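> got a structure for you, letters missing:
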């Protein structure tokens with residue numbers, strides 16, 4: 001079984017591919033953009049152009065004979081109807097948004113660290129739709145994404161991007177957990193854990209389970 005991985009840039013696309021390969025699956029990547037800045041501009045641009053671009057990638061995936069798709073990008077997942085685009089082509093698709101609703105059922109106040117505000121809004125939407133009583137505090141930290149793509153050491157990134165202050169903000173507002181709202185951010189998960197007593201939740205593990213389930 002070969003699984004297609006769509007994501008924002010070549011870096012997070014490869015992260016999605018490696019996530020599945022580490023569990024014995026065969027995966028092939030399809031990045032949408034070349035850089036995080038290009039991907040952010042794409043996400044705030046024309047809805048019809050965005051859906052046409054993703055639709056073209058899905059058509060290519062279908063032609064290649066694959067029928068399972070992992071959309072491994074939070075902010076892109078937040079700006080398109082991924083399930084509608086895939087199901088209309090006879091494909092099955094999973095996105096991080098499929099996991100955030102499950103997380104919201106476990107907590108009532110959650111801090112979300114996203115790549116940009118499009119991603120933060122999408123995570124909030126998924127959580128509140130699943131659990132209307134859940135309160136979400138979100139922040140978009142695109143410089144952190146750029147640092148991950150550049151290979152900057154995690155501890156250095158955490159300091160440069162002020163993640164300790166962000167985590168303190170979540171704590172001061174009563175957050176019970178911090179959610180990684182970008183598929184780049186497992187790169188700094190350990191650095192985050194050193195700066196907060198809150199659980200730092202990565203949806204990737206559960207997402208991989210969903211994609212690989214029979």
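Arrived safely. Since the model is a prediction, treat every value here as computed from it, not as a measurement.
> so which residue of the chain lies furthest out from the middle?
In terms of distance from the mean C-alpha position of the chain, residue 63 ranks first, at 25.7 Å (CA atoms, centre = their mean).
> what residues are up against it?
Residues counted as contacts of residue 63 (CB atoms under 8 Å, 6 or more residues apart in numbering): none. C-beta coordinates here come from the backbone N, C-alpha and C atoms, glycine included.
> need phi/psi at it.
Phi and psi for residue 63, reported as degrees, to the nearest 10, are phi -60, psi -30.
> same question, residue 7
Backbone torsions of residue 7, given as degrees, to the nearest 10, read phi -150, psi -180.
> now do the contacts for it.
Contacts for residue 7 (CB under 8 Å, 6+ apart) come out as 13, 15, 16, 29, 30, 31, 32, 71, 72, 73, 76, 183.
> residue 91: neighbour count?
By the criterion of other CB atoms under 10 Å, residue 91 has 18 neighbours.
> pLDDT score for residue 152?
Confidence at residue 152, expressed as pLDDT, is 98.
> no wait, residue 74
The per-residue pLDDT reported for residue 74 equals 89.
> so who does it touch?
Contact analysis of residue 74 by CB under 8 Å, 6+ apart lists 95, 96, 97, 114, 115, 119, 122, 123, 181, 182, 183.
> contacts only, for the third one.
For residue 97, the residues meeting the contact criterion (CB under 8 Å, 6+ apart) are 74, 77, 78, 82, 122, 123, 125, 126.
> so who does residue 126 touch?
Applying CB under 8 Å, 6+ apart, the residues near residue 126 are 97, 100, 101, 104.
> again with residue 134
When contacts are counted by CB under 8 Å, 6+ apart, residue 134 is found next to 104, 107, 108, 109, 110, 127, 128.
> pull up the gap between it and residue 48, please.
Applying CB to CB, to the nearest Å, the value for residue 134 to residue 48 is 32 Å.
> quick one on the thing from earlier: for PyMOL, what selects the buried ones among the contacts of residue 134?
Here is the PyMOL command that selects the buried residues among the contacts of residue 134 (16 or more other CB atoms under 10 Å):
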select buried, resi 104+107+110+127+128
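> would JSON lines of the contacts of residue 134 with distance to residue 52, pLDDT and secondary structure be doable?
Shown next, in JSON lines, are the contacts of residue 134 (distance: CB to CB, whole Å; pLDDT from 0 to 100; DSSP: H, G, I helix; E, B strand; the rest coil):
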{"residue": "104", "distance to residue 52": "31", "pLDDT": "97", "secondary structure": "helix"}
{"residue": "107", "distance to residue 52": "37", "pLDDT": "97", "secondary structure": "coil"}
{"residue": "108", "distance to residue 52": "39", "pLDDT": "96", "secondary structure": "coil"}
{"residue": "109", "distance to residue 52": "38", "pLDDT": "98", "secondary structure": "strand"}
{"residue": "110", "distance to residue 52": "33", "pLDDT": "98", "secondary structure": "strand"}
{"residue": "127", "distance to residue 52": "29", "pLDDT": "97", "secondary structure": "helix"}
{"residue": "128", "distance to residue 52": "29", "pLDDT": "97", "secondary structure": "helix"}
